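Engineer: model this:
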Amino acid sequence: MLDPKQLSWRVFASVVVVMVLVFGALISSWVGINAEERGKQAVFEATSLARDALEAKTLAAELTAAQAVYALDVLREAASPNREAYLRVLGQLREKLAAFDEAAMPPNEQALLRSAKRAVERFRQLDTEIGTTLGGGAKGDRTDAVGYIVDVASAQIQYASDMVRALSDQIIRRASEAAETASIASYRARILLISFGGSSLLLALILARVLTESTAKRSELMKRLEELARVDGLTGVPNRRVWDEELAKGLERARRTGQRCSIGVIDLDHFKRYNDTRGHQQGDSLLRETAQQLASQLRVGDLIARYGGEEFAVLLHDCEAEHARLLFARLHKSVPGGQSFSAGVADTDGEEDAYKVVARADAALYRAKAGGRNRTEVARQVHLDTAAAA
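Structural biologist: Next comes the predicted model:
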């Protein structure tokens with residue numbers, strides 16, 4: 001028989017072991033939950049930064065578009081080139097990048113931000129030099145200024161846009177890693193809770209429920225991050241990043257199947273005047289309603305994306321230019337509020353590079369605007385053998 005004193009010590013030892021296990025499990029669970037809370041906070045902060053980075057990227061795209069209009073005015077020797085929209089977007093982009101200074105970011109993201117800000121400041125210096133060149137008044141000076149805008153200044157803003165895009169990707173990746181760390185902490189805490197037995201089953205169930213709810217919230221945050229990365233927050237249609245990806249796939253599909261596809265670039269007419277007279281909220285509403293109306297007119301599998309500012313891009317699979325023109329004739333009736341748009345359409349067999357197809361559609365868009373707006377122009381077809389002969 002066991003000595004009562006020995007039994008008492010064993011019971012005491014068992015109680016101590018159980019208490020140590022329970023206490024250790026509780027401490028480990030608390031550490032896991034605390035780590036998850038920190039991870040959730042990191043995901044939330046990174047989500048906000050990612051949204052700001054996507055807005056900065058959109059502003060860079062808008063600045064590129066405004067710069068192109070400015071260059072066209074200069075080339076046409078307009079009496080008073082309209083620089084208001086151009087300078088306004090430039091100022092907004094600088095303010096958006098400056099706002100990142102208050103955020104806590106790791107060194108690699110800070111380096112990308114500094115590169116983007118340097119490129120934008122260099123762009124401002126070039127704009128000043130362009131203004132000095134224009135001050136000469138000679139036709140050659142205007143030609144030099146346009147060359148500066150197209151060849152030098154645009155390269156700086158494109159570099160800034162690339163840096164902002166890389167910054168956005170880094171922030172989203174950091175948020176994903178923080179969410180994954182929180183998930184691992186949740187898993188470890190859950191295992192420990194199960195291990196210490198039936199006496200603390202109720203506690204385990206309660207904490208497991210809390211951890212499950214935290215995991216569900218993490219999944220929801222991850223879903224929101226994915227949407228931020230692919231959907232334009234204002235209009236609800238795919239953003240420029242998705243457009244670049246799907247355009248490459250569309251050209252590959254055209255090459256593989258032998259069925260031509262069409263590219264359309266849409267620009268709302270007199271959008272600045274609409275904003276000035278009705279306010280930016282009404283302008284945002286017009287962009288959003290127009291995007292949804294146009295999207296509802298497309299076939300399943302076709303794509304409309306926000307290209308930048310008041311521009312949208314459309315990808316039509318298995319569609320030649322004439323059929324695209326007929327579709328756009330219907331789309332002209334879909335713009336709300338009595339507004340209109342101009343568009344350029346180019347079809348391709350997929351053998352061209354993406355930027356060449358878009359450039360032809362852009363050129364057709366400028367012809368549509370020069371021809372009175374509220375119309376669609378079709379670009380000349382380009383075939384591979386014709387290009388080779390040239």
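
Engineer: Mind telling me what element Gln381 is part of?
Structural biologist: Here Gln381 sits in a region with no helix or strand, counting by DSSP states H and E.

Engineer: what about it, neighbour count?
Structural biologist: When counting by other Cβ atoms under 10 Å, one arrives at 14 neighbours for Gln381. The C-beta positions use only the backbone N, C-alpha and C, and glycine is treated the same way.

Engineer: I'd like the distance between it and Ala324.
Structural biologist: Going from Gln381 to Ala324 by Cβ to Cβ, to the nearest Å gives 12 Å.

Engineer: Which neighbours do the two have in common?
Structural biologist: Common neighbours of Gln381 and Ala324, counting by Cβ atoms under 8 Å, 6 or more residues apart in numbering, are Asp347.

Engineer: Provide a list of residues in contact with the nearest residue to Glu252 once chain neighbours are set aside.
Structural biologist: Sequence neighbours aside, Gly350 is the residue nearest to Glu252 in space, at 6.7 Å (criterion: Cβ to Cβ, 6 or more residues apart in numbering). Each residue near Gly350 by Cβ under 8 Å, 6+ apart is listed here: Gly250, Leu251, Glu252, Arg253, Ala254, Arg255, Arg256, Arg260, Cys261.

Engineer: same question, Ala166
Structural biologist: So Ala166 contacts Leu112 (Cβ under 8 Å, 6+ apart).

Engineer: Helix or strand for it, just tell me which one.
Structural biologist: Assigned by DSSP H and E, Ala166 falls in helix 154-195.

Engineer: From the recorded domain assignment, give the ranges for this structure.
Structural biologist: 12-230, 240-389 (automatic domain parsing).

Engineer: Lowest average confidence across the ones you listed, which one?
Structural biologist: Mean pLDDT values for these show the minimum at domain 12-230, a mean of 70.

Engineer: you'd agree Ile263 is in a strand?
Structural biologist: Yes - under DSSP: H, G, I helix; E, B strand; the rest coil, Ile263 falls within a strand.

Engineer: hang on, it packs against Glu246?
Structural biologist: No - Ile263 lies out of contact with Glu246 (Cβ atoms under 8 Å); the separation is 11.0 Å.

Engineer: what do those two both touch?
Structural biologist: What both Ile263 and Glu246 touch, as defined by Cβ under 8 Å, 6+ apart, is the set Leu315.

Engineer: What residues sit buried inside stretch 257-268?
Structural biologist: Residues of stretch 257-268 classed as buried: Arg260, Cys261, Ser262, Ile263, Gly264, Val265, Ile266, Asp267, Leu268 (neighbour count, 16 or more other Cβ atoms under 10 Å).

Engineer: same deal with stretch 368-380?
Structural biologist: Under 16+ other Cβ under 10 Å, the buried positions of stretch 368-380 are Ala368, Lys369, Asn374, Arg375, Thr376, Glu377, Val378, Ala379.

Engineer: before we move on, what about stretch 342-360?
Structural biologist: The neighbour-count check on stretch 342-360 (16+ other Cβ under 10 Å) flags 342-350, 352, 354, 357-360 as buried.

Engineer: so where do the helices sit in the stretch 251-390 of the chain?
Structural biologist: Remark: helices assigned in the stretch 251-390 of the chain by DSSP state H, counting those that start in this stretch are 271-278, 280-296, 321-331, 354-370, 384-389.

Engineer: Please work out which of these is packed deepest.
Structural biologist: helix 354-370 (a mean of 19; mean count of other Cβ atoms under 10 Å).
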